[in-house]
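1. sequence and computational prediction follow.
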Amino acid sequence: MNTSVAHPARRYNYWLGGKDHFAADRESGDLLAKAFPTARVAALENREFLRRTVKFLADSGIRQFLDIGTGLPVPDNTHEIAQRVAPESRVLYVDNDPIVMTHSRALTIGTPEGRTGYVEADLRSPEAILDHAELRSVLDLTEPVALLLVAVLHFLHDDAQAITVVRRLLDALPSGSYLVASNLTLDFAPPEQVAKHEELLASGRTDARARDKSEFARFFDTLELVEPGIVAASDWRPAHDERPTAQDVAIYGAVGRKP
């Protein structure tokens, strides 16, 4: 583990006000926040999107969750939201950062009625996730599963690779399963922010690849979109009328059901 290089999960934790980050993560976070002043707002709204979608799915009867790119534990993790609705809910967390896995095992215990599990793996290797013994121990792939890819797909820059990964994961899940996904977008950004993002991406100072609505929609090609469809993450079944604008959030979010 190289803590001198920024990691998305630790940078995200920094933006959310957590304590599990290093100097490189803070430096990267501050650089991006300087270029995009609403970066912290976007991180918070993305987290709220996760909370609302997991509660929606739990309320809809989903009892299994596969959360890939989970990030470091903060209040209201996936298992806490789901098990608050249904204590028997099962959640498997997957991340490629050893620090995330260490903290997750220590801090995310869950209810006695349910199960939580942890796999250290990369989204780019779906077979390593699907073939892992821990997945088979926690999840029953003959029953519906919610696949959570929240603020992680934009780290897969190649569209063909990203779509292949998502479809491979969905192929392993039965009818009635769901995909929850969010992705950085510049659709609402002024030209100067678009140019700044492209400059940072080209220089390697940001690792998130923005997608427009049509590019993001391809992840849901084989699914039935849940209302309101593809919208800014803050606009997906919001809990409050007053909320940040789509331009400030700059993240698309959507939920789709596998027929």
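-> Yes, it's here.
2. now stretch 71-90 - C-alpha only, CSV.
-> Taking C-alpha atoms only, stretch 71-90 is exported to CSV below (Å, rounded to 0.1, in the frame of the first residue of the first chain):
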residue,chain,number,x,y,z
GLY,A,71,-15.1,3.5,0.4
LEU,A,72,-14.2,4.0,4.0
PRO,A,73,-16.9,3.6,6.6
VAL,A,74,-18.8,6.7,7.6
PRO,A,75,-22.2,7.0,9.3
ASP,A,76,-25.1,5.3,7.5
ASN,A,77,-23.2,2.6,5.6
THR,A,78,-25.1,0.4,3.2
HIS,A,79,-25.7,-2.4,5.8
GLU,A,80,-26.9,0.1,8.4
ILE,A,81,-29.5,1.5,6.0
ALA,A,82,-30.7,-1.8,4.8
GLN,A,83,-30.7,-3.6,8.1
ARG,A,84,-32.6,-0.7,9.7
VAL,A,85,-35.4,-1.6,7.3
ALA,A,86,-34.9,-5.4,7.4
PRO,A,87,-32.4,-6.8,10.0
GLU,A,88,-31.9,-9.9,7.9
SER,A,89,-30.3,-8.0,5.0
ARG,A,90,-27.0,-9.2,3.7
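3. what's the distance between that stretch and the middle of its chain?
-> 14 Å (Cα atoms, centre = their mean, to the nearest Å).
4. residues of that stretch that come out buried?
-> 71-73, 77-83, 85-86, 89-90 (16 or more other Cβ atoms under 10 Å). Every C-beta, even on glycine, is put in place using the N, C-alpha and C of the backbone.
5. and stretch 121-135, by the same measure?
-> Buried residues in stretch 121-135 (16+ other Cβ under 10 Å): 121-123, 126, 129-130, 132, 134-135.
6. related to what we said a few turns ago, quick one: least confident of the buried residues of stretch 71-90?
-> Checking pLDDT across the buried residues of stretch 71-90, the minimum falls on Pro73 at 70.
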